[in-house]
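1. got a predicted model here, sequence first, then my questions.
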Amino acid sequence: MEKAKQGDKVKVHYKGFLEDGTVFDSSFDQDPLEFTIGNGEIIPGFENAVIGMGVGETKVVEVAPEDGYGEYNEMAKLEVPRESLPEHINPEIGMMLQLTTPQNTQVLVRVTDMDDTNVVLDANHPLAGKNLKFEIQLVDLVAA
């Protein structure tokens, strides 16, 4: 049986969950995730887990933050005055906003805290710093 390797295009079903069992994402109720191993399209821990799998095989893997969405970085948080937000934005906890840096780069941030005068924006991925588990099933393999 052929095994998935670098450069292969694969289709997988997966379920991602946190250490406490909370499911944060799943493809089992939709089309499988399709990607090419080695192109950096997905987190390294997930991609590495698929290498060596055969079609029809299922496995559960643990992914540490450094092989997932990175360590949580306190420096990626920014407290801004409410009045600096555009008038049409009424911030709420969990809301995603897009900022433009002075270098004209777009950055996605999440509102994580606020009071009457300030809003805390967090550019960390919501899963940064978390140990993740994935149930992965290799559905299809297209050799490189």
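-> Perfect, I can see it now.

2. what's the weakest-modelled helix or strand in the chain?
-> Here the helix or strand of the chain ranked lowest by mean pLDDT, DSSP states H and E is strand 96-100, holding a mean of 90.

3. ok, G94 touching V111?
-> Yes: at 6.6 Å, G94 counts as touching V111 under the criterion of Cβ atoms under 8 Å. For glycine as for every other residue, the C-beta is placed from the backbone atoms N, C-alpha and C.

4. tell me which of the two has more neighbours.
-> For G94 and V111, the more surrounded residue by other Cβ atoms under 10 Å is V111, and the numbers stand at 18 against 9.

5. can you check what pLDDT the model gives the more buried one?
-> V111 carries a pLDDT value of 97.

6. repeat that for A123.
-> In this model, A123 is scored at 95, pLDDT.

7. which residues touch it?
-> By Cβ atoms under 8 Å, 6 or more residues apart in numbering, A123 lies in contact with A76, K77, L78, V107, L108, V109.

8. kindly provide the distance from it to D116.
-> Distance of A123 to D116, given as Cβ to Cβ, to the nearest Å: 23 Å.

9. now do Q6
-> Separation of Q6 from D116 (Cβ to Cβ): 53 Å.

10. how about I93?
-> 14 Å.

11. do D31 as well
-> In terms of Cβ to Cβ, D31 sits 45 Å off from D116.

12. hang on, isn't V109 packed against T101?
-> No: taking contacts as Cβ under 8 Å, V109 lies outside contact range of T101: 10.9 Å.

13. more neighbours: the two, which one.
-> Taking other Cβ under 10 Å, V109 and T101 do not tie; V109 has more neighbours (20 against 8).

14. am I right that that one is in a strand?
-> Yes: assessed with DSSP: H, G, I helix; E, B strand; the rest coil, V109 lies in a strand.
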